[in-house]
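Chemist: Make a model of this:
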Amino acid sequence: GEELTVKKLSERFDCSLTPVREALRVLESEGLLLANRHKSVKVCKLDAREVENISEIRILLERYACKLAVSNMTEPLLRKLEMNLQEQEKYASGENIPRFLRVNWHFHSEILRSTRQPILIEIINMLRNRTSHYLETYIYSSRTVERVKRGIAEHREILEAMRRKDVDGAVAWTEKHLST
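Modeler: Numbers count the residues shown, from 1 in each chain. Next up is the predicted model:
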């Protein structure tokens, strides 16, 4: 709910007004900011129902994306996802959560990219962006190593189902992963 102005942000980040305006326009288009008449923006807050609604929509779209990804899966992409999982496992202790979250994001992004559906990717990324800070807050607040390890195990199941070209298995594990 914090109110921000272009001028204050450009001073804070020591840059001109133009890049700040552009960044704010992008964030507003993704539903993260709400512009008002006074040349300021307000950070949008989501209530629990909105987060739940976004998550439900994201699960439906990612189930579809998963089906497309399985049919487009290649050996090089499978190797890339395997390497990503190995990197995730390095952070399973929960000591470097920011790095784990970046690697986790890349895992999902690689699968999305393989759909070859730019509009689908854009919509899912917008939904991910709208709720990503809630995931981060959950992981930081709980510091739950078990949750991180369970997420990695679910990623492993998704990858193995994709490797077998098991659409139903990959979709089921994707839904389970995004639901917990």
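Chemist: Could I get the full set of strands for this structure?
Modeler: With DSSP state E as the criterion, the chain has strands at 3-5, 33-35, 40-43.
Chemist: what's the closest of the ones you listed to Thr180?
Modeler: Closest to Thr180 of the strands of the chain, according to Cβ to Cβ: strand 40-43, at 27.2 Å. For every residue, glycine as well, the C-beta is placed using N, CA and C.
Chemist: what about stretch 122-138, average pLDDT?
Modeler: For stretch 122-138, the mean pLDDT works out to 81.
Chemist: Tell me which residues of it come out buried.
Modeler: 124-125, 127-128, 130-131, 135 (16 or more other Cβ atoms under 10 Å).
Chemist: ok, now stretch 68-85?
Modeler: Applying 16+ other Cβ under 10 Å to stretch 68-85 flags 68-70, 73, 77, 81, 84-85 as buried.
Chemist: which of the residues you listed lies closest to Ser29?
Modeler: Using Cβ to Cβ, Leu68 comes nearest to Ser29 of these, at 24.8 Å.
Chemist: pretty sure that closest one contacts Arg116?
Modeler: Yes - using Cβ atoms under 8 Å, Leu68 makes contact with Arg116 at a distance of 7.4 Å.
Chemist: Look up the closest residue to Arg150, ignoring the ones flanking it.
Modeler: Counting by Cβ to Cβ, 6 or more residues apart in numbering, Arg150 lies nearest to Thr180, which is 7.2 Å off, once chain neighbours are set aside.
Chemist: okay, now that neighbour: neighbour count?
Modeler: By other Cβ atoms under 10 Å, 9 other residues sit near Thr180.
Chemist: Report pLDDT for it.
Modeler: 76.
Chemist: Now do it against Asn84, distance only.
Modeler: Thr180 sits 20 Å away from Asn84, taking Cβ to Cβ, to the nearest Å as the criterion.
Chemist: quick one on the thing from earlier: kindly reformat the buried residues of stretch 122-138 as TSV containing distance to His108.
Modeler: TSV is the format used below for these (distance: Cβ to Cβ, whole Å):
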residue	distance to His108
Ile124	8
Asn125	9
Leu127	11
Arg128	7
Arg130	15
Thr131	13
Leu135	11
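Chemist: quick one: which of the buried residues of stretch 68-85 is nearest to Thr5?
Modeler: Among those, and counting by Cβ to Cβ, the member closest to Thr5 is Asn84, at 39.3 Å.
Chemist: unless I'm mixing things up, the closest one is touching His108, no?
Modeler: No - if you go by Cβ under 8 Å, Asn84 and His108 don't touch, sitting 9.7 Å apart.
Chemist: how near is the closest residue to Ala170 other than its chain neighbours to Arg116?
Modeler: Spatial nearest neighbour of Ala170, excluding adjacent residues (Cβ to Cβ, 6+ apart): Ala161 at 3.8 Å. According to Cβ to Cβ, Ala161 stands 20 Å off from Arg116.
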